[in-house]
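Asks: coords below, sequence missing:
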């Protein structure tokens with residue numbers, strides 16, 4: 001049971017690992033975090049992500065529980081960002097979806113699907129159908145380029161790399177003991193034994209495949225473009241015949257464009273085909289991308305379970321494994337954080353039921369009573 005003097009060893013300093021380290025350290029626990037890489041998070045899927053918070057847009061390809069997790073995150077991210085010493089770009093200006101005439105049938109199918117999903121998750125804001133005038137008003141840079149569009153209010157994004165860096169600063173400020181270039185596995189620890197942490201939290205993503213054999217990699221390729229001639233006010237998605245393409249505008253005319261979905265754990269550089277598709281799609285949305293500069297072409301694999309849904313399990317006493325965030329890392333990270341904190345503090349999680357989140361706690365029962373308030377952790 002976590003006590004004020006509890007100690008935690010967190011394995012993996014990606015998004016979830018860093019969030020847990022900061023929140024647990026704030027509660028007064030002793031925290032060590034181990035990662036195979038450096039503070040730059042070069043091995044983490046979180047570094048490559050566009051960090052969009054788009055539950056309704058993503059409802060087209062995921063389950064209602066994940067959508068509810070995304071809706072939960074829209075309120076939680078401002079709370080998580082506010083105490084950080086370093087600023088992190090956060091925007092909640094909605095999502096715009098556009099399409100070309102030849103993709104109108106696919107856009108109609110998508111619209112019907114999103115409307116049906118709104119009935120399933122009624123707390124989501126209602127989408128708005130835009131004609132050419134409404135589209136021009138919502139996104140002046142796209143005036144007269146598209147005849148129709150969809151606007152999804154309330155959705156947002158943040159700057160993933162600013163956040164990862166700010167969390168490192170916060171860990172240092174909270175005296176989290178960081179162990180970079182220090183790959184570890186749960187087998188290296190005996191939780192509760194003398195000189196050992198009370199808890200081991202395994203957040204290694206694909207690094208945990210030796211322990212969680214069902215994990216697989218889903219490859220994504222993302223372009224980062226600096227385009228001073230382009231001004232977009234919010235993430236924009238283009239209906240595409242093969243996969244959804246997004247353009248996420250960050251600060252100073254930097255745009256993150258992605259993302260391919262390939263069933264592979266190949267981490268070699270981006271393919272010519274994928275690069276051409278991403279850049280051609282961006283140019284088709286706004287011709288100003290033609291004079292942009294390619295800052296980076298990045299490739300990473302998303303840690304994914306067979307059902308494409310996240311899960312938490314406890315294989316043995318004192319060990320929790322959090323994994324399978326797939327393409328929804330930033331959108332569902334606050335929900336996964338809050339469920340984990342509930343489990344550690346109370347031995348159960350009401351939030352997990354709301355999110356239809358798979359919990360496998362058969363290894364050893366979690367604590368049946370709380371020494372600290374889970375409510376305070378998620379307020």
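Replies: The structure has been received and is ready for your questions. Remember, it's a predicted structure, so these values are computed and weren't measured experimentally.

Asks: what residues sit buried inside stretch 208-226?
Replies: In terms of neighbour count (16 or more other C-beta atoms under 10 Å), stretch 208-226 has its buried residues at 208-209, 211-212, 215-225. The C-beta positions use only the backbone N, C-alpha and C, and glycine is treated the same way.

Asks: list just the nearest of those to residue 190.
Replies: Nearest to residue 190 out of the buried residues of stretch 208-226 is residue 211 (C-beta to C-beta; 15.5 Å).

Asks: how near is the closest residue to residue 358 other than its chain neighbours to residue 34?
Replies: For residue 358, ignoring the flanking residues on the chain, the nearest one in space by C-beta to C-beta, 6 or more residues apart in numbering is residue 311 at 4.1 Å. Applying C-beta to C-beta, to the nearest Å, the value for residue 311 to residue 34 is 22 Å.

Asks: picking up where we left off before, quick one: the residue nearest to residue 358 and residue 278, what's the gap?
Replies: From residue 311 across to residue 278, the span is 30 Å (C-beta to C-beta).

Asks: what about these two, which has more around it?
Replies: Set side by side, residue 311 and residue 278 show more neighbours around residue 278, with 24 against 19, by other C-beta atoms under 10 Å.

Asks: pLDDT score assigned to that one?
Replies: Looking at residue 278, its pLDDT stands at 92.

Asks: does residue 60 touch residue 116 like I think?
Replies: No - with contact defined as C-beta atoms under 8 Å, residue 60 and residue 116 do not form a contacting pair (10.1 Å).

Asks: which one's more surrounded, the two?
Replies: residue 60 (16 against 10).

Asks: about what we covered before: from the buried residues of stretch 208-226, which is closest to residue 358?
Replies: Using C-beta to C-beta, residue 212 comes nearest to residue 358 of the buried residues of stretch 208-226, at 12.2 Å.

Asks: tell me the two of the buried residues of stretch 208-226 that are most distant?
Replies: Greatest spacing in the buried residues of stretch 208-226, by C-beta to C-beta: 211 and 225 (37.8 Å).

Asks: can you list the weak-confidence ranges in the stretch 151-300 of the chain?
Replies: 243 (pLDDT under 70).

Asks: who's in contact with stretch 52-62?
Replies: Stretch 52-62 is contacted from outside by 66-71, 73-74, 77, 92, 95, 97, 110, 113-114, 117-118, 120-121, 124-125, 127, 152, 155-158, 235, 237, 244, 246, 248, 308-309, 327-328, 330-331, using C-beta atoms under 8 Å, 6 or more residues apart in numbering.

Asks: in strands, which of the residues you listed fall?
Replies: 95, 97, 152, 156, 157, 158, 237, 246, 248 (DSSP state E).

Asks: can you pick out the most distant pair from these?
Replies: Spanning the widest gap among these are 97 and 158, at 19.9 Å by C-beta to C-beta.

Asks: follow-up on the earlier one: any idea how far residue 12 is from the residue nearest to residue 358?
Replies: 15 Å.

Asks: what number of residues lie near the residue lying closest to residue 327 once chain neighbours are set aside?
Replies: If the residues on either side of it in the chain are set aside, residue 327 comes closest to residue 302, at 5.4 Å by C-beta to C-beta, 6+ apart. Here the number of neighbours of residue 302 (other C-beta under 10 Å) works out to 24.

Asks: which residues touch the strand or helix carrying residue 302?
Replies: Element membership of residue 302 [criterion: DSSP states H and E] is strand 293-304. Strand 293-304 is contacted by residues 44-45, 47-48, 205-206, 208, 215-227, 254, 264-270, 275, 279, 323-327, 329 when judged by C-beta under 8 Å, 6+ apart.
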